[in-house]
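Participant: Provide a 3D model corresponding to the input given below.
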Amino acid sequence: MKILILAVGSAGDVHPFVPIARSLAERGHEVTLLANEVFRERIEAVPGVAFAAAGDAETYRRTTSDPDLFHPRRGAELIFRTLAENLEMGVELLREHVDPGRTVIVGSSLTLSARLVQEADGVPLVTVHLQPGVLRSVYDMPRMPTGNLPSWAPVWLRRLYWWLADRFLDGLLQPELDREAARLGLPPVRRVLDRWWHSPELVIGLFPEWYGPRQPDWPEQLVLTGFPFFDAGAETPLDPELDAWLSDGAPPLVFTAGSAQHHAGEFFARSVEACRLLGRRALLVSPAPETIPRELPPGVVHRSYVPFGAVFPRAAVLVHHGGIGTTAQALAAALPQLVVPWAHDQFDNGARVARLGVGAMLTERRYRPARVARVLGALADSETVAARCRELAHRMKDGDPVADTCRLIEGLADLL
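Facilitator: Modelled structure (predicted):
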């Protein structure tokens with residue numbers, strides 16, 4: 001079987017598909033992972049997996065350097081405008097690689113071009129969602145960056161909320177989506193993110209039930225498998241200096257704002273001050289050196305990248321943006337978390353971390369050194385939080401999410 005995996009987004013959106021692609025290749029399938037050009041080297045290093053560029057590096061850098069990307073409202077506008085502008089390119093790219101009668105497409109949440117190819121050409125499609133926050137519900141509503149209805153809101157008001165959200169999102173997508181649908185001989189699409197963007201054949205949630213409990217109004221064809229892990233630690237081990245630093249003192253606090261965040265200077269400055277107030281060692285992880293204070297106090301170091309799987313088990317508390325990949329890595333390492341969300345699904349992940357009892361969430365507005373120091377001190381010293389972290393880390397050892405996901409994908413062979 002030929003399997004095309006289309007992953008749209010930053011490293012946190014692409015990396016979870018790498019172990020799935022590798023496992024599918026090991027199971028004898030012909031696998032191509034389509035992602036932005038910036039991921040070429042990393043994907044081409046995976047045995048048996050071919051790479052195809054879905055977007056150029058300059059567009060990626062321009063988008064990730066746009067300060068609007070992490071604005072609670074303008075971030076969604078930027079992402080959906082970019083998606084709309086590239087629909088035809090995505091459709092034709094997939095069509096170039098489809099071998100009729102033997103191809104299955106696996107697409108991440110935002111691969112609307114894959115849904116168009118499925119409807120126009122009859123190619124089986126698996127929609128994969130990395131986080132529960134993109135699955136809307138009128139029961140347990142995901143936490144949104146632009147605000148939420150109160151918990152006592154009636155169901156009719158919650159339905160109205162989603163209807164109004166669709167009016168906004170469809171307005172961003174509709175002109176280009178209608179144009180592309182017409183080009184392919186398809187009818188217009190309405191309420192894109194309500195039901196249409198889910199493949200009617202199979203939807204996979206790459207998170208466990210205890211992290212995102214299934215809701216009655218989620219798609220019937222949705223199957224939850226669990227968190228897959230990709231960590232380049234084997235290919236990029238800890239540098240000896242950092243390894244020695246981690247061993248030469250108390251477990252540090254770790255701070256990261258994500259691989260795509262290039263405007264987190266204030267976050268890191270306040271983080272360093274919180275560490276000074278606590279008298280704690282810290283590791284700052286950011287690929288954007290301009291966001292790091294020029295002079296770091298003793299005991300605080302910076303790295304542009306570290307393999308989280310090697311660092312998190314040796315840390316005291318993680319402070320991060322709330323990306324689902326980082327959240328899952330911390331859960332696996334039994335590491336307490338403080339989530340500081342900016343936009344997108346980060347607010348929902350932060351709320352789930354707090355609800356699970358393994359950490360806390362502070363909005364950027366409330367992220368001030370004195371408050372941060374108090375929260376970090378409490379998390380680091382709490383036996384209750386530590387015990388809950390260990391409990392969930394143990395639960396994450398159950399099952400084999402990658403193998404389960406591969407078996408589900410292989411099941412679509414009956415549709416070929």
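Participant: got the phi/psi numbers for the closest residue to residue 351 other than its chain neighbours?
Facilitator: For residue 351, the nearest residue in space outside its immediate sequence neighbours is residue 143; the separation is 4.2 Å by CB to CB, 6 or more residues apart in numbering. Every residue, glycine included, has its C-beta placed from N, CA and C. Backbone torsions for residue 143, taken as degrees, to the nearest 10, come to phi -70, psi 120.
Participant: cool, residue 281 as well?
Facilitator: Backbone torsions of residue 281, given as degrees, to the nearest 10, read phi -70, psi 150.
Participant: show me where the stretch 301-416 of the chain has helices.
Facilitator: Across the stretch 301-416 of the chain, reading from the start of the chain, the helices by DSSP state H, counting those that start in this stretch fall at 308-311, 324-332, 346-356, 369-381, 383-395, 401-410.
Participant: packing partners of the third one?
Facilitator: Pointing back at helix 346-356 there. Secondary-structure packing of helix 346-356 (3 or more CB pairs under 8 Å, 6 or more residues apart in numbering; DSSP states H and E): helix 324-332, strand 337-339, strand 359-361.
Participant: in that helix, what's buried?
Facilitator: Within helix 346-356, the residues that qualify as buried are 346, 347, 348, 349, 350, 351, 352, 353, 354, 356, counting by 16 or more other CB atoms under 10 Å.
Participant: and the angle for that helix with helix 383-395?
Facilitator: Between the direction of helix 346-356 and that of helix 383-395, the angle (axes from the mean of the first three to the mean of the last three CA atoms, to 10 degrees) works out to 110 degrees.
Participant: distance of residue 388 from residue 336?
Facilitator: Shown here: residue 388 relative to residue 336, a distance of 9 Å by CB to CB, to the nearest Å.
Participant: for residue 299, that is, sorry about that
Facilitator: 20 Å.
Participant: thought the residue nearest to residue 351 was touching residue 344?
Facilitator: No - with contacts defined as CB atoms under 8 Å, residue 143 does not count as touching residue 344, sitting 11.0 Å away.
Participant: show me which of these two is the more surrounded one.
Facilitator: Relative neighbour count places residue 344 above the other of residue 143 and residue 344, with 24 against 20, counting by other CB atoms under 10 Å.
Participant: shouldn't that one be in contact with residue 144?
Facilitator: No - the pair residue 344 and residue 144 does not pass the contact test of CB under 8 Å, sitting 9.5 Å apart.
Participant: how about low-confidence regions in the stretch 51-200 of the chain?
Facilitator: Across the stretch 51-200 of the chain, the ranges flagged by pLDDT under 70 are 68.
Participant: ranges for the strands of it?
Facilitator: With DSSP state E, counting those that start in this stretch as the criterion, the stretch 51-200 of the chain has strands at 103-108, 125-129.
Participant: next, the residues that contact the last one from outside, please.
Facilitator: I take that to be strand 125-129. Around strand 125-129, the neighbours that count as contacts under CB atoms under 8 Å, 6 or more residues apart in numbering are 17, 104-109, 111, 114-115, 117-118, 135, 197-199, 201-206, 405, 408-409, 412.
Participant: and the angle for that strand with helix 401-410?
Facilitator: Orientation check (the same axes, to 10 degrees): strand 125-129 against helix 401-410 gives 150 degrees.
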